[in-house]
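J.: Based on what follows, work out the 3D shape:
(chains A and B)
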Amino acid sequence: MPIRLHESLTRTPRELKPAQPDGVFRFYNCGPTVYAPAHIGNFRSFVVNDVIRRLLDLEFPGKVKHVRNLTDVDDKTIKRAQDEQRPLADVTKQWTDKFHADCAALNCLPPHVEPTATGHIREQVDMIDVLMKKGNAYRAADGSVYFKVSSFDDYGKLSRVKERELQAGTALSHKSQAADADEKEDVSDFALWKAHKTEDGANSWDSPWGRGRPGWHIECSAMSKKHLGETIDLHTGGVDLLFPHHENEIAQSQCCNGATFAHHWYHSEHLLVDGRKMSKSLGNLYTLDDLKAKGFSPMALRYALLASHPRKQQNFTLDSLHAAESALKTLRAFRAALGTQSGDAVLEPILAALRDDLNTPGALGALFTLVNRGPAGVDAAAFDRVMFALGLDLNAAAPKAEIPSDIADRAKQRWEAKLGKDWAKADALRKDLAARGWSMLDRKDGYTLEPVKR
RNA sequence: GGCGCGGUAGCCAAGUGGUAAGGCCGAGCUCUGCAAAAGCUCUAUCGGCGGUUCGAUUCCGCCCCGCGCCUCCA
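T.: Sure thing, here's the model as predicted:
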């Protein structure tokens, strides 16, 4: 059964398969801007893409090339560096490292290539140069270079937004018009190269049009071309990237290369908090560290993120993390019961749900239907394959809390009381522990302390 | 204003033209000094109103409500 995935251009599911004769599947996923810790809304997108990557690995073993960029030069990274009076590279290194650590904790496979914008200035300049020569771009008086949207007939095909409509109506568009009106020929035009400004500090590069830095969109076009070629099989990102980012990428790449940029576009939906989009600008965000501080494991977050369909908005709650933690516990126990046994129970519905437009909640449903039937007949290796596809690492540590010494002491006393069959004292201590937020789980040979579930 | 998405049990969440997976929580029972774990059982007619149909939660229309994009953004 092939992998079918919703395609944003046609809005219909389509099979994923390599288009080129070498059989390599070319996959580009828009990565983070490294100027601050990524929030869990960002990670929804990366976790979803990780499942795509894993399905592709299973489908086309050894023939997947996965590229995910790091945006390490833009307004935000530069501002952060200037504010902190540090070199740009220092700042982006710090947040790149943090991003990698969080991805690892969430069990996301690293992409095969992780190019940076600053590492591909020449490639970007070269592309802009071609666009200038072909008449798709123009240099403004200040040395900035803009893409001329009117030169590309297909502009707006992905987002189905015509340039005229962008100008119509709202106060918002007036605002953006005012911001750039002095340099652009048309409000819809977007920057390919931004002329150096004083607030950019030392962060500028030479170009045929003067010192400056690349616009945001061109990096993906250039890096995708360099590492995957002119035409790729799949390009993904969050819905917010659909317009203008991906629309602009298509315009640049296709005008420059004269070839289809991407066969397949896929966009995952947003994570909401309190019914609103989680975003850095709204400030309603959680980072992975925030959740870890509340005692949740990264794997629980991964599970919770997979519990909703990737193309539906998901309203994130701490409650979903409790549910995830419990579900993972069940899965760990089930896996342990499997040992190394082989069997012929049918696990296919789980993977089939994933291959059917990434129906992760459907897959989890099918998984628990299986789990509820018990471990008999379930093949351990097949089960592990399913866990691989979902990226659920059942060996990852369950959340552990520091046990205060007074709690440990009380627990020890209770255990001794229990061994002495002093039930009244044992029960009193259990109650006392509970009041202090700890539950004591007895085993035959000892006990475990856990924070009380709430 | 333009483009788009969604409204399914207490919470989360799949799905289907023929009376609705799964997770969490909760309740009851079994087991067990107690608690936990484990096992069993129980909990919805799918936003509203019309239409099509033998039959709609699933298709169509209208309405109500929520959200996203159109500006940096996963």
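J.: And the pLDDT for whichever residue of the stretch 1-150 of chain A sits closest to RNA strand B?
T.: At 2.6 Å from RNA strand B, A:G41 is the closest residue in the stretch 1-150 of chain A, using C-beta to the nearest atom of the strand. Backbone N, C-alpha and C define where each C-beta goes, glycine included. Note for A:G41: predicted pLDDT of 93.
J.: Measure how buried it is and give me the count.
T.: Number of residues near A:G41 (other C-beta atoms under 10 Å) recorded here: 23.
J.: try A:K431
T.: Neighbour number of A:K431 under other C-beta under 10 Å is 11.
J.: again, but for the one 5 residues further on
T.: Number of residues near A:R436 (other C-beta under 10 Å) recorded here: 12.
J.: One more: A:K329?
T.: 13.
J.: mind checking the SS state of it?
T.: helix (DSSP: H, G, I helix; E, B strand; the rest coil).
J.: Could you tell me how far it is located from RNA strand B?
T.: 7 Å (C-beta to the nearest atom of the strand, to the nearest Å).
J.: Equivalent analysis for A:A376, please.
T.: Applying C-beta to the nearest atom of the strand, the value for A:A376 to RNA strand B is 12 Å.
J.: still on that earlier bit, contacting residues around the residue of the stretch 1-150 of chain A closest to RNA strand B?
T.: A:270-271, A:273, A:277-279, A:285, A:316 (C-beta atoms under 8 Å, 6 or more residues apart in numbering).
J.: Considering only those, which also neighbour RNA strand B?
T.: Near RNA strand B, taking C-beta under 7 Å from any atom of the strand as the test, the members of the contacts of A:G41 found are A:270-271, A:277-279.
J.: Counting neighbours, what do you get for the nearest residue to A:H245 once chain neighbours are set aside?
T.: In space, and not counting its chain neighbours, A:H245 is closest to A:H217: 5.8 Å by C-beta to C-beta, 6 or more residues apart in numbering. Using other C-beta under 10 Å, A:H217 has 24 neighbouring residues.
J.: Also A:A382?
T.: Neighbour count of A:A382, defined by other C-beta under 10 Å: 19.
J.: My read is that it contacts A:L347, right?
T.: Yes: the pair A:A382 and A:L347 qualifies as a contact (C-beta atoms under 8 Å) at a distance of 4.9 Å.
J.: Using the three-state scheme, assign the residue of the stretch 1-150 of chain A closest to RNA strand B.
T.: helix.
J.: Tell me which stretches of the stretch 1-150 of chain A form strands.
T.: Taking DSSP state E, counting those that start in this stretch as the criterion, the stretch 1-150 of chain A carries its strands at A:4-7, A:12-15, A:25-29, A:64-68, A:137-139, A:145-147.
J.: Briefly note if the fourth one comes near RNA strand B.
T.: No: where contact is defined by C-beta under 7 Å from any atom of the strand, no part of strand A:64-68 touches RNA strand B; the two come within 10.2 Å at best.
J.: Mean neighbour count, distance to A:G365 and mean pLDDT added to the strands of the stretch 1-150 of chain A, as TSV?
T.: Formatted as TSV, the strands of the stretch 1-150 of chain A follow (neighbours: other C-beta atoms under 10 Å; distance: least, C-beta to C-beta, whole Å; pLDDT from 0 to 100):
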stretch	mean neighbour count	distance to A:G365	mean pLDDT
strand A:4-7	19	18	95
strand A:12-15	13	19	92
strand A:25-29	25	26	98
strand A:64-68	23	27	98
strand A:137-139	20	50	95
strand A:145-147	26	45	95
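J.: Isn't A:L16 up against A:D233?
T.: Yes: here A:L16 reaches A:D233: they are 7.1 Å apart, a contact under C-beta under 8 Å.
J.: quick one: common contacting residues for those two?
T.: Common neighbours of A:L16 and A:D233 (C-beta under 8 Å, 6+ apart) are A:25, A:264.
J.: The strands of the stretch 1-150 of chain A: which one's closest to A:K412?
T.: Among the strands of the stretch 1-150 of chain A, the nearest to A:K412 by C-beta to C-beta is strand A:64-68 (49.7 Å).
J.: helices and strands around that closest one, which ones?
T.: When contacts are defined as 3 or more C-beta pairs under 8 Å, 6 or more residues apart in numbering; DSSP states H and E, strand A:64-68 packs onto strand A:25-29, helix A:40-59, helix A:216-228.
J.: Now do that strand against helix A:216-228, angle only.
T.: Per axes from the mean of the first three to the mean of the last three C-alpha atoms, to 10 degrees, the angle that strand A:64-68 makes with helix A:216-228 is 150 degrees.
J.: Run the chain-centre distance for strand A:64-68.
T.: Relative to its chain's centre, strand A:64-68 lies at 14 Å (C-alpha atoms, centre = their mean, to the nearest Å).
J.: what ranges do the strands span in the stretch 301-450 of chain A?
T.: Remark: strands assigned in the stretch 301-450 of chain A by DSSP E, counting those that start in this stretch are A:314-316, A:438-442, A:447-451.
J.: Pick the most deeply packed of the ones you listed.
T.: strand A:314-316 (a mean of 21; mean count of other C-beta atoms under 10 Å).
J.: strands paired with that one, and their directions?
T.: strand A:271-273 (parallel) (DSSP bridges).
J.: residues in contact with the partner strand?
T.: With C-beta under 8 Å, 6+ apart as the criterion, strand A:271-273 contacts A:40-41, A:44, A:277-278, A:284-286, A:305, A:313-316.
J.: and A:W193, what helix or strand is that in?
T.: A:W193 belongs to strand A:190-195 when elements are defined using DSSP states H and E.
J.: Can you spell out which helices and strands pack onto the helix or strand that that strand is followed by?
T.: Downstream of strand A:190-195, the first helix or strand assigned by DSSP H and E is strand A:212-214. Judged by 3+ C-beta pairs under 8 Å, 6+ apart, strand A:212-214 is in contact with helix A:121-133, strand A:190-195.
J.: hey, which of these is tucked in deepest?
T.: Mean neighbours per residue, mean count of other C-beta under 10 Å, is largest over the helices and strands packed on strand A:212-214 for strand A:190-195, with a mean of 24.
J.: That one versus helix A:121-133: what angle between them?
T.: Angle, strand A:190-195 to helix A:121-133, by the same axes, to 10 degrees: 120 degrees.
J.: May I have the strands that pair with strand A:190-195, each with its orientation?
T.: By DSSP bridges, strand A:190-195 pairs with strand A:145-147 (antiparallel), strand A:212-214 (antiparallel).
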